[in-house]
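1. Compute the structure for the input listed below.
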Amino acid sequence: RLRSPKKAIEEIRKDLEKYNFKFIIFDDDIISLNKNWFYEFFDLYKKEIRLPFKCNARIGTINSDMLKLLKEAGIVKLKFGIEHGNENFRKKVLNRHMSNKQIINTYRLCKKYRIECESFIMLGFPYETKKSFFDTIKLCRKIGGKFDVSIFHPYPGTELGNVCKKK
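-> You can find the predicted model right below:
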């Protein structure tokens, strides 16, 4: 359920009074989808909270102005779910419509604003080949940063879970 930016800031402020924490993780990969919400929230965050934080964002939904605001608000790390380095594989098998060019350009923008990036990468997908695996390595080398690498796990009831069950 989406809270208004003011309500979200109010909840953070209340939790700060109760728990006195020093760092926040916004573990929401769609935080950058609603631009109006994003700008209002991080403007308020910058003015009223000012704690260091890290968050997730989606490639293709974040721009230079948004990165500038994140930097001003205190971001220390921005995390992206890339999953795989082969563009066609990502699109056809994972239904993730982002180009390698978008990924590379987003990482360049993050470097411009001196924002550390981390990528979520998965290995061991159905239909993955040795060549497509190496495409992931090549993309990772090109963008740099840190990587959170995991082995694909098929969840029951998902499209890829069903593929694994059939095969």
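2. which stretch of helix or strand covers the residue nearest the centre of the chain?
-> Closest residue to the average C-alpha location of the chain: residue 80 at 2.7 Å, with CA atoms, centre = their mean. Element membership of residue 80 [criterion: DSSP states H and E] is strand 75-83.
3. List the buried residues in that strand.
-> 75, 77, 78, 79, 80, 81, 82, 83 (16 or more other CB atoms under 10 Å). Heads up, the C-betas are built off the backbone N, CA and C, glycines and all.
4. what do you get for stretch 35-54?
-> For stretch 35-54, by 16+ other CB under 10 Å, it's 37, 38, 40, 41, 42, 44, 45, 49, 53, 54.
5. All the helices of this structure, residue numbers only.
-> With DSSP state H, the ranges of helices along the chain come out as 5-19, 35-48, 64-73, 87-92, 100-112, 130-143, 159-166.
6. Off-centre distance for the fourth one?
-> Between the mean C-alpha location of helix 87-92 and the chain-wide mean there is a distance of 18 Å, by CA atoms, centre = their mean, to the nearest Å.
7. Can you name every helix or strand that that helix contacts?
-> Taking 3 or more CB pairs under 8 Å, 6 or more residues apart in numbering; DSSP states H and E as the contact definition, helix 87-92 has no neighbouring helices or strands.
8. For that helix, output the C-alpha coordinates as CSV.
-> The C-alpha trace of helix 87-92 is given here as CSV (Å, rounded to 0.1, in the frame of the first residue of the first chain):
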residue,chain,number,x,y,z
GLU,A,87,19.8,-8.3,-23.5
ASN,A,88,17.7,-10.8,-25.5
PHE,A,89,17.7,-13.4,-22.7
ARG,A,90,16.7,-10.7,-20.2
LYS,A,91,13.8,-9.6,-22.5
LYS,A,92,12.5,-13.0,-23.7
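9. Other residues contacting that helix?
-> Helix 87-92 is touched from outside by 82-84, 96-100, 125, 127-128, 132, 135, with contacts defined as CB atoms under 8 Å, 6 or more residues apart in numbering.
10. Per-residue pLDDT of residue 163, please?
-> Looking at residue 163, its pLDDT is 88.
11. measure the nearest residue to it once chain neighbours are set aside to residue 10 for me?
-> Spatial nearest neighbour of residue 163, excluding adjacent residues (CB to CB, 6 or more residues apart in numbering): residue 126 at 5.0 Å. Separation of residue 126 from residue 10 (CB to CB, to the nearest Å): 45 Å.
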